[in-house]
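**Q** mind looking at a prediction? Sequence and model below.
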Amino acid sequence: MPRKLPLITAENAAFWQGGQSGRLMIQHCSACARWFQPPAPVCPRCNSLDVAPKAVSGRGRVATFTVNHQAWTPELTAPYVVAIVELDDQPGLRLLSNITVVPPDQVRIAQPVQVHFEQHEDVWLPLFKPLAEVGA
Amino acid sequence: MSFDRLYEKDVAISGIGQSEVGRPSHKSAMRLTVDACLEAIADAGLKRDDIDGVSCWPGDNNNGNSFSPVGPNALIGTLGLRVNWYGGGYEGPGPLAGVINGAMAIAAGLCRHVLVFRTITEASARRVDKTANALSNKTAGRDSSFFWQWYTPYHVHSAINLMAMYAQRHFHEYGTTAEQLAQIALTCRANAALNPKAVYRQPMTMADYLASRFISTPLRMFDCDVHCDAGTAIVLSRIDAARAGPNPPIRLEAIGSALHQPWSWDQISLTEGASFDAGRMMWQRTDIKPHEVGQAQLYDGFSILTMIWLEGLGLVPRGESGRFVEGGQRIARDGELPINTNGGQLSGGRTHGLGYVHEACTQLWGRAGARQIPPHQVAVAASGGGPLAGSLLLVRE
């Protein structure tokens, strides 16, 4: 199904295009050694300006999810899974994404997941699949 | 932080008004607004020229969106108002931000009588475009906006996907069940049956609820509020002026408007949102205790948000809302904590925020007719979900 794409800017480019080199890039603060999302020019924790995108492991767990059954536009095919994934790299560091590859009824809270990327034009969308499916 | 004086206590609600609640209404958005505002001004025992402030959330966003088709700019000239202060805008602590801003204008001495209003015409919009919703203008074209760019690429086209994930987490952490969540919808429907203006008044059973289709698990169609066309208004007055009016003043005993987390739908606490922040702030500003609340009008844009507000406002312990509402008796009109006594937004109609204040006052003033609950002095109204949260503790003098 076609996706509504983000418009690439200087601040979001590393996140949306990191997948070109297979990396999930999250903004990181050198001063307090913590990641934060969404990317911004200052650390929300310590207000240091010494921040830059840095690759994370790409692994996490499903913090919560929903199986969407409503086709909101004529192009959408339901059901699909929207999830909030908490990354293994730091407690509370979360991304909203889709859980793919497995059928919706096989998604669970706390399930280990791994990032993969789907290219649309100049965007490499980070998506997640259950860790057991990596390499499948 | 502590303060030597809490200035919202100098502000009271002196009058209320509401247009017809249509699905759809054949009146224009401005006419619905005018109907509500003129009724509120008259109810407060005031004349048009007494109004010296206008406040609204979210204001007119100038794109024809039915989510908020009328803002203060248009209303001022339309009604011929002469104001000392006016304001409207989306960024604030939820749908009650218009009330909170208006109260601040009075507390700061800018105004004596502030007209607060909220108009919505989503029922009419859906006659033209079935997919129209509050996010319609966020789902066209490529987007680098502050937050929707992080969600819409993943086919999040409605707020329900976000609220559904909060519900799923609530079910997971606390063992909340579909049958418990259903009580919010069933209670609202039972109350709506006694409200002549409510959109959905026919009885609903647990079986009806469980048979309704999933929109976004675990939320079903009956967990979603019902679009309508309506205008709602209240008059806020300085307390001395309110005491000179025809109605017993309903004081703003305490405001809750805190956000102590990121303004985000995914980095914020998934089970608390900002409701707990607002609730803690509100209770810090009063000597009244949660058990003294006689009625709670709690946001039910989606049923799960009512559950989160029950907990966030300390009306039930954290994680206990499911067990509290089970069976529905405690939250019924004759229960220990009546909620959403006009049918809420789930069955009464999505008047969106100000409708809760209107109903709280209707009950406090004993005007609720067939749905009137026993006499009481204290009510709470709360609105919002996720990072949006505002609450009002209301006391009838």
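**A** Structure's in. What do you need? Since the structure is predicted, the reported quantities are computational estimates derived from the model, not experimental observations.
**Q** from B:D240, how far out is the closest residue to B:N84 other than its chain neighbours?
**A** Nearest residue to B:N84 in three dimensions, chain neighbours excluded: B:D52, at 4.8 Å (Cβ to Cβ, 6 or more residues apart in numbering or on different chains). To be clear about C-beta, it is placed using only N, CA and C from the backbone, and glycine gets the same treatment. Distance of B:D52 to B:D240, computed by Cβ to Cβ, to the nearest Å: 15 Å.
**Q** okay, those two: which has more neighbours?
**A** B:D52 (19 against 11; other Cβ atoms under 10 Å in any protein chain shown).
**Q** pLDDT score assigned to that one?
**A** For B:D52, the pLDDT comes out at 98.
**Q** so, low pLDDT: which residues of the chain?
**A** By default, I'm working from chain A. A:133-136 (pLDDT under 70).
**Q** wait, chain B was what I had in mind.
**A** In chain B (pLDDT under 70), the answer is B:1-2, B:133-140.
**Q** get me the contact residues on it for chain A.
**A** B:131, B:139-144, B:146-147, B:149-158, B:160-161, B:164-166, B:168-169, B:172, B:213-219, B:262, B:264-267, B:270 (Cβ under 8 Å from any Cβ of the partner chain).
**Q** where does the nearest residue to A:E11 once chain neighbours are set aside fall, phi/psi-wise?
**A** Using Cβ to Cβ, 6+ apart and skipping residues adjacent in sequence, the residue nearest A:E11 is A:P39, 5.3 Å away. Dihedral pair for A:P39: phi -60, psi 140, per degrees, to the nearest 10.
**Q** burial of A:P39, as a residue count?
**A** Neighbours of A:P39 (other Cβ under 10 Å): 21.
**Q** and it, how far is that from A:A33?
**A** A:P39 is 17 Å from A:A33, by Cβ to Cβ.
**Q** B:Q183 now?
**A** 46 Å.
**Q** go on, A:L5?
**A** 32 Å.
**Q** where do the helices of the stretch 51-200 of chain B begin and end?
**A** B:72-79, B:97-107, B:122-128, B:160-174, B:178-192 (DSSP state H, counting those that start in this stretch).
**Q** columns distance to A:P103 on top of the ones you listed, output as a markdown table?
**A** Putting the helices of the stretch 51-200 of chain B into a markdown table (distance: least, Cβ to Cβ, whole Å) gives the following:
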| stretch | distance to A:P103 |
| --- | --- |
| helix B:72-79 | 50 |
| helix B:97-107 | 42 |
| helix B:122-128 | 32 |
| helix B:160-174 | 17 |
| helix B:178-192 | 21 |
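**Q** from B:V128, how far out is the residue nearest to B:N84?
**A** With Cβ to Cβ as the criterion, B:D52 and B:V128 are 38 Å apart.
**Q** any of the residues of chain B next to chain A buried? List them.
**A** B:139, B:143, B:147, B:149-158, B:160-161, B:164-166, B:168-169, B:172, B:214-219, B:262, B:264-267, B:270 (16 or more other Cβ atoms under 10 Å in any protein chain shown).
**Q** can you tell me which of the residues of chain B next to chain A end up in strands?
**A** B:214-216, B:219 (DSSP state E).
**Q** those strands in the chain, which residues are they?
**A** In the absence of a named chain, chain A is used. Using DSSP E, strands in chain A cover A:25-29, A:34-36, A:51-55, A:59-68, A:80-87, A:94-98, A:112-120, A:123-130.
**Q** try again with chain B
**A** B:11-18, B:53-56, B:85-88, B:113-121, B:214-216, B:219-220, B:229-238, B:250-256, B:295-298, B:378-383, B:390-396.
**Q** got CSV for the ones you listed, with distance to A:P104 too?
**A** Shown next, in CSV, are the strands of chain B (distance: least, Cβ to Cβ, whole Å):
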stretch, distance to A:P104
strand B:11-18, 42
strand B:53-56, 41
strand B:85-88, 41
strand B:113-121, 33
strand B:214-216, 11
strand B:219-220, 15
strand B:229-238, 36
strand B:250-256, 37
strand B:295-298, 31
strand B:378-383, 32
strand B:390-396, 35
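**Q** out of these, nearest to B:N195?
**A** strand B:11-18 (11.3 Å; Cβ to Cβ).
**Q** quickly run through the sheet partners of that closest one, with directions.
**A** strand B:229-238 (antiparallel), strand B:250-256 (antiparallel) (DSSP bridges).
**Q** tell me how far that strand lies from the chain's centre.
**A** Offset of strand B:11-18 from its chain centre (Cα atoms, centre = their mean, to the nearest Å): 15 Å.
**Q** who in chain A is up against chain B?
**A** Checking chain A against chain B by Cβ under 8 Å from any Cβ, the hits are A:1, A:3-9, A:12, A:37-38, A:44, A:63-70, A:72-73, A:76, A:80, A:82-84, A:92, A:94-98, A:109, A:123, A:125.
**Q** including mean neighbour count and distance to B:E359, could the strands of chain A go into CSV?
**A** As requested, those are exported to CSV (neighbours: other Cβ atoms under 10 Å in any protein chain shown; distance: least, Cβ to Cβ, whole Å):
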stretch, mean neighbour count, distance to B:E359
strand A:25-29, 22, 44
strand A:34-36, 19, 41
strand A:51-55, 17, 47
strand A:59-68, 24, 30
strand A:80-87, 23, 33
strand A:94-98, 24, 34
strand A:112-120, 18, 43
strand A:123-130, 22, 43
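**Q** now those strands in a markdown table, with distance to B:G256?
**A** Compiled in a markdown table, those are given as follows (distance: least, Cβ to Cβ, whole Å):
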| stretch | distance to B:G256 |
| --- | --- |
| strand A:25-29 | 31 |
| strand A:34-36 | 27 |
| strand A:51-55 | 33 |
| strand A:59-68 | 25 |
| strand A:80-87 | 26 |
| strand A:94-98 | 25 |
| strand A:112-120 | 36 |
| strand A:123-130 | 36 |
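**Q** what about the helices in the stretch 251-397 of chain B?
**A** Under DSSP H, counting those that start in this stretch, the stretch 251-397 of chain B gives helices at B:275-284, B:303-312, B:321-325, B:354-364.
**Q** highest mean neighbour count out of the ones you listed?
**A** helix B:303-312 (a mean of 29; mean count of other Cβ atoms under 10 Å in any protein chain shown).
**Q** show me what it is packed against.
**A** helix B:160-174, helix B:178-192, helix B:275-284, strand B:295-298, helix B:321-325 (3 or more Cβ pairs under 8 Å, 6 or more residues apart in numbering or on different chains; DSSP states H and E).
**Q** the closest residue to A:A71 other than its chain neighbours: neighbour count?
**A** Using Cβ to Cβ, 6+ apart and skipping residues adjacent in sequence, the residue nearest A:A71 is A:A78, 4.9 Å away. Burial measure for A:A78: 16 neighbouring residues, criterion other Cβ under 10 Å.
**Q** quickly note the distance from the closest residue to A:D89 other than its chain neighbours to chain B.
**A** Nearest residue to A:D89 in three dimensions, chain neighbours excluded: A:V56, at 4.5 Å (Cβ to Cβ, 6+ apart). Separation of A:V56 from chain B (Cβ to the nearest Cβ, to the nearest Å): 15 Å.
**Q** residue contacts, A:V56?
**A** Neighbouring residues of A:V56 by Cβ atoms under 8 Å, 6 or more residues apart in numbering or on different chains: A:24-26, A:35, A:87, A:89, A:93.
**Q** from those residues, which single one is nearest chain B?
**A** A:L93 (8.2 Å; Cβ to the nearest Cβ).
**Q** against A:I84, how distant is the closest one?
**A** Distance from A:L93 to A:I84, by Cβ to Cβ: 11 Å.
**Q** again, but for B:I331
**A** In terms of Cβ to Cβ, B:I331 sits 29 Å off from A:I84.
**Q** same check on A:L127?
**A** Taken as Cβ to Cβ, the span from A:L127 to A:I84 is 13 Å.
**Q** next: B:A107.
**A** 39 Å.
**Q** and what of B:G344?
**A** For B:G344 relative to A:I84 (Cβ to Cβ), the value is 27 Å.
**Q** got it, and A:E75?
**A** 24 Å.
**Q** if I pick A:Q70, what's in contact with it?
**A** A:Q70 neighbours (Cβ under 8 Å, 6+ apart): A:78, B:158, B:160, B:215-216.
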